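# I would like the atomic coordinates for the input below:
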Amino acid sequence: MAEKSLDIQFEKLQGILREMGSVVTAFSGGVDSALVAVAAHQALGGNALAVTAVSPALATRELNEAEALARQFDIAHRVIRTNEMEREGYTANSPRRCYFCKTELYTHLTALAQAEGYAWVANGANTDDQGDYRPGMEAAAEHRARSPLLEAGLDKAAVRAIARQLNIPVWDKPAQPCLSSRVPYGTPVTVETLSKIEQAEDLLRGLGMREVRARHHDKLCRVEASESDMEIAFRRREEIVAGLKKIGYLWVSLDLAPLRSGSLNDVLKR
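As a prediction, this is how the structure comes out:
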């Protein structure tokens, strides 16, 4: 992607943010929300605030990375607690789970924005997010949350390219949806389950795997890995099995199909 084209796209993004006047950005620490947070800080200065919501569904490593990035770019950053685990619609884990999660998030963020005089709440949705099942976008619309990347016409490739140009360290970070996305629809989401998933993925990453999911199926942990991580998974399978059993799983399987974000949504298409 040509550098001049990236500059034009980034200027368009900043123009949208300047027009917003002031903004609270939902900042998970992934590349999409990181780009919005950095761009908002550069465009609006003290009128931009990045907020990371902490709950059992957010891995501690994700919070640590978000805090480190905010410090690196001198972004005004705040950590809040959300209570989606108290919403029955969330813990029941229907296909609309994300709607209840984002409703909880945007309820907190819009209240914060209103109380402190910010004009808008923003998220990191890009144009590629329009092609998947995302009930969380419905919650965003209900709370008038805006998507500056989408408004600027940026897809994931453009987001990564611009983030790389800005030296944002997570420019090539794999997608990291919340821990609840590892639980099949219909299986209740509990704090204990989320803790096991987080421990499992910390173990897998500690062995050198970068793009990996620990899919929770009661007593079975199904490991999904990218093609580049498959070699590690096979080479260190004994350590993986032993470690996951220590966490509390009775059985461990390695999915031979490469990792694909959102694969649990396949059941909805069928």
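
# where's the residue most central in space within the chain, which helix or strand?
Nearest to the mean C-alpha position of the chain, by C-alpha atoms, centre = their mean, lies P177 at 4.2 Å. Secondary structure from DSSP states H and E places P177 outside every helix and strand.

# quick one: pLDDT of it?
Note on P177: pLDDT of 92.

# Name the residues of stretch 245-259 that come out as buried.
247, 249, 252, 255, 259 (16 or more other C-beta atoms under 10 Å). C-beta coordinates here come from the backbone N, C-alpha and C atoms, glycine included.

# how about that stretch as CSV, C-alpha atoms only?
The C-alpha coordinates for stretch 245-259 follow below in CSV (Å, rounded to 0.1, in the frame of the first residue of the first chain):
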residue,chain,number,x,y,z
LYS,A,245,-4.6,-31.3,32.2
LYS,A,246,-3.0,-29.6,35.2
ILE,A,247,-5.4,-26.6,34.6
GLY,A,248,-8.3,-29.0,34.8
TYR,A,249,-9.1,-30.4,31.4
LEU,A,250,-9.4,-34.2,31.1
TRP,A,251,-8.9,-34.3,27.3
VAL,A,252,-6.9,-32.2,24.8
SER,A,253,-7.3,-32.2,21.0
LEU,A,254,-5.4,-30.2,18.3
ASP,A,255,-7.6,-29.1,15.5
LEU,A,256,-5.9,-29.8,12.2
ALA,A,257,-7.8,-27.0,10.4
PRO,A,258,-5.9,-23.8,10.8
LEU,A,259,-7.2,-21.2,13.3
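
# and it, how far out from the chain's middle?
Distance of stretch 245-259 from the chain centroid (C-alpha atoms, centre = their mean, to the nearest Å) equals 22 Å.
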